[in-house]
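Chemist: just to be clear, the model below is a prediction. Sequence and coordinates:
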Amino acid sequence: MLTSLRNALKIKEIRDRLLYTFLMLVVIRFGSNLPIPGVNTEYLKNFFEQQRQATGNAFSFFNAITGGSFEQMSVLALSITPYITSSIIMELMTIAIPKLEELQREGEDGRRKMMGYTRYLTVVLALIESVAMAVGFGSQGLLYNFGPKSVIVAIAAMTAGSAFLMWIGERITEHGVGNGISIVLLINIISSLPNDLGTLVERFILNSKSVATAVVAALIIIACLLAMVVFVVLLCGAERHIPVQYTAKVQGRRMMGGGVQSAEIPLKVNTAGVIPVIFASSLMSFPVVIAQFFTVDYTSIPGRILMMLNSSNWFKPDRPVYSIGLVIYIVLIILFAYFYTSITFNPLEVANNLKKAGGFIPGIRPGRPTSDYLTRVLNYVIFLGATGLVIVAVIPIIISGLFNIGSLSFTGNSLIIIVGVIIETLKSIESSMLVRNYKGFLSD
């Protein structure tokens, strides 16, 4: 990968794309620190500090994917979360609405129309979220002069900021190194790493009783991080290849294709990416976040249930009963992994397409037997991928609970996103180099 990157820097076109991407990221970081006019930034910081123990990671991960702009209430406070949500909604709607499913199969024209619908839905979601934040937090002290004018300014700034980030992501995809939305998400998460590393250094190294203890702690932290990164790289790149053979077609008295041809169907082990973890985290943290706007008695049964859903209470030695919530969290990750994969990969459709193309899996009859076989393999692969997601998501929570580290923005979810985006970006750069070589060969 590093060799490919060095070779890419020698090509002017790719250097220009990298420079364009870098400049767009600078604009994003500038906007993340540009506060909305009339906003009391100290109020939100104090609110986060007061609620951090109660909500655990409920706000921390969201603040991480916004690059800290949510806690500062900048013009990019919503980040690209409305776009991510709208993309997921559009994928789910293709199942419920046949016309959208047909549109998705129309090729490039259908994809452009779907992208247009996604953009419109992004603006609508950004508008709804900004209204909720401006009115909800504004009435509690977020806005210096709470009134129609200040509320409208806050709503317009947050909605425009989210739309602007979506536009930047698309420009990076077109003029940069590709995967624009993912790169925007990546830079936001990376911006929170210094603070989290500072927390770990202060907790385990600076507060150590001796130099030897500090060195051992530093080595353990580095080893754990490297092991997690290697595991996530393997998880993101692991695939199960199903062999496929295509028989030669006969037209008249001529055989087309030259005998039996072999191919493969690649099934990614982590078929759903980080989506199941995000879904599970959101579902678990939603009641906890809503409860912060009301007076809750945490000694009552509803209060204890909320404490159980709060990830900051898991694996606490003095509160072991609350770790039951971790079991619910693991079950949700596995269920969402199967659900999301079921809407993105249809074994019956794949089996029918193979049959129409004259393909078959060796030892499996075409049609329904092929579909059943793909379903069995897919269920096994999904379970392996979901287990890997659980390991990556749970290990930071266990360490945080046992060693009382506190709430960190950098979680297993963040690591999966960082590794996945970097791998896809490097692949995109390699593809650009191959395309350039092909163009040079054709022009000679």
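Modeler: Good, I have the coordinates. Numbers count the residues shown, from 1 in each chain.

Chemist: alpha carbons only for contacts and neighbour counts from here, please
Modeler: OK.

Chemist: pLDDT weak spots in the stretch 301-444 of the chain?
Modeler: Counting by pLDDT under 70, the stretch 301-444 of the chain has low-confidence residues at 404-410, 434-444.

Chemist: for the closest residue in space to residue 354 that isn't next to it in sequence, give me phi and psi.
Modeler: Of all residues not flanking residue 354 in the chain, residue 360 sits nearest, at 6.3 Å (Cα to Cα, 6 or more residues apart in numbering). Here is the backbone geometry of residue 360 (degrees, to the nearest 10): phi -160, psi 150.

Chemist: who are the packing partners of the helix or strand hosting residue 156?
Modeler: Using DSSP states H and E, residue 156 sits in helix 148-175. Packing contacts for helix 148-175, counted by 3 or more Cα pairs under 8 Å, 6 or more residues apart in numbering; DSSP states H and E, involve helix 12-32, helix 108-136, helix 180-190.

Chemist: now tabulate those in TSV and tack on distance to residue 148 and mean pLDDT.
Modeler: As requested, those are exported to TSV (distance: least, Cα to Cα, whole Å; pLDDT from 0 to 100):
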stretch	distance to residue 148	mean pLDDT
helix 12-32	24	86
helix 108-136	10	86
helix 180-190	31	83
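
Chemist: TSV please, covering those and showing mean neighbour count and distance to residue 286.
Modeler: Converted to TSV, those look like this (neighbours: other Cα atoms under 10 Å; distance: least, Cα to Cα, whole Å):
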stretch	mean neighbour count	distance to residue 286
helix 12-32	17	25
helix 108-136	17	14
helix 180-190	22	21
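
Chemist: can I get those helices in TSV including distance to residue 167?
Modeler: TSV is the format used below for the helices and strands packed on helix 148-175 (distance: least, Cα to Cα, whole Å):
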stretch	distance to residue 167
helix 12-32	11
helix 108-136	9
helix 180-190	9
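
Chemist: out of those, flag the one nearest residue 302.
Modeler: helix 108-136 (23.5 Å; Cα to Cα).

Chemist: gap between the closest one and the chain center?
Modeler: Counting by Cα atoms, centre = their mean, to the nearest Å, helix 108-136 is centred 18 Å from the centre of its parent chain.

Chemist: and that helix, what does it pack onto?
Modeler: Using 3+ Cα pairs under 8 Å, 6+ apart, helix 108-136 is in contact with helix 81-96, helix 98-104, helix 148-175.

Chemist: next, the buried residues of the longest one.
Modeler: Right, helix 148-175. 150-151, 154-166, 168-173 (16 or more other Cα atoms under 10 Å).

Chemist: quick check: the gap between residue 116 and residue 87.
Modeler: 11 Å (Cα to Cα, to the nearest Å).

Chemist: on that earlier part again, closest to residue 416 out of the helices and strands packed on helix 108-136?
Modeler: Going by Cα to Cα, the one of those nearest residue 416 is helix 81-96, 15.9 Å.

Chemist: pull the CA atoms of that closest one into PDB?
Modeler: The C-alpha trace of helix 81-96 is given here as PDB (Å, rounded to 0.1, in the frame of the first residue of the first chain):
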ATOM      1  CA  THR A  81     -25.100  12.500   9.900                       C
ATOM      2  CA  PRO A  82     -28.300  13.600   8.100                       C
ATOM      3  CA  TYR A  83     -26.800  12.300   4.800                       C
ATOM      4  CA  ILE A  84     -25.800   9.000   6.400                       C
ATOM      5  CA  THR A  85     -29.300   8.600   7.800                       C
ATOM      6  CA  SER A  86     -31.000   9.500   4.500                       C
ATOM      7  CA  SER A  87     -28.800   7.000   2.600                       C
ATOM      8  CA  ILE A  88     -29.800   4.200   5.000                       C
ATOM      9  CA  ILE A  89     -33.500   5.300   4.800                       C
ATOM     10  CA  MET A  90     -33.400   5.200   1.000                       C
ATOM     11  CA  GLU A  91     -31.900   1.700   1.000                       C
ATOM     12  CA  LEU A  92     -34.700   0.500   3.300                       C
ATOM     13  CA  MET A  93     -37.300   2.200   1.200                       C
ATOM     14  CA  THR A  94     -36.200   0.300  -1.900                       C
ATOM     15  CA  ILE A  95     -37.600  -2.800  -0.300                       C
ATOM     16  CA  ALA A  96     -41.000  -1.300   0.600                       C
END
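
Chemist: pull out the buried positions in it.
Modeler: Buried-residue list, helix 81-96, by 16+ other Cα under 10 Å: 81-84, 86-87, 90-91, 94.

Chemist: helices or strands up against it?
Modeler: helix 98-104, helix 108-136, helix 324-344.

Chemist: what's the local residue count around residue 210?
Modeler: 10 (other Cα atoms under 10 Å).

Chemist: same thing with residue 362?
Modeler: 12.

Chemist: in which helix or strand does it reside?
Modeler: Using DSSP H and E, no helix or strand contains residue 362.

Chemist: need the contact list for it.
Modeler: Neighbouring residues of residue 362 by Cα atoms under 8 Å, 6 or more residues apart in numbering: 243-245.

Chemist: please indicate which of those residues are buried?
Modeler: Buried, going by 16+ other Cα under 10 Å: residue 245, out of the contacts of residue 362.

Chemist: where is pLDDT lowest across the contacts of residue 362?
Modeler: The weakest per-residue confidence within those falls on residue 245 (82).

Chemist: gap between it and residue 43?
Modeler: 64 Å.

Chemist: same check, this time on residue 388
Modeler: The value you get for residue 388 to residue 43, if Cα to Cα is used, is 39 Å.

Chemist: how about the strands in the stretch 251-400 of the chain?
Modeler: 254-256, 261-268, 359-360 (DSSP state E, counting those that start in this stretch).

Chemist: so residue 205 sits right up against residue 218, yeah?
Modeler: Yes - applying Cα atoms under 8 Å as the test, residue 205 and residue 218 come out as touching, 6.7 Å apart.

Chemist: look at those two and report which has more neighbours.
Modeler: Neighbours around residue 205 and residue 218, counted as other Cα under 10 Å, are more numerous at residue 205. The numbers are 21 against 16.

Chemist: show me what contacts the more buried one?
Modeler: 213-215, 217-218 are the contacts of residue 205 under Cα under 8 Å, 6+ apart.

Chemist: which among those residues count as buried?
Modeler: For those, buried by 16+ other Cα under 10 Å: 214, 217-218.

Chemist: in helices only, show me the residues you listed.
Modeler: 214, 217-218 (DSSP state H).

Chemist: report the separation between residue 88 and residue 287.
Modeler: From residue 88 to residue 287 the distance is 21 Å (Cα to Cα).

Chemist: ugh, typo on my part, it should be residue 36
Modeler: 28 Å.

Chemist: between the two, which is the more surrounded one?
Modeler: residue 36 (22 against 16).

Chemist: next, the contact list for the more buried one, please.
Modeler: By Cα under 8 Å, 6+ apart, residue 36 lies in contact with 73-75, 154, 157.

Chemist: using CSV, lay out the residues you listed together with distance to residue 413.
Modeler: As requested, the contacts of residue 36 are exported to CSV (distance: Cα to Cα, whole Å):
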residue, distance to residue 413
73, 23
74, 24
75, 25
154, 30
157, 28
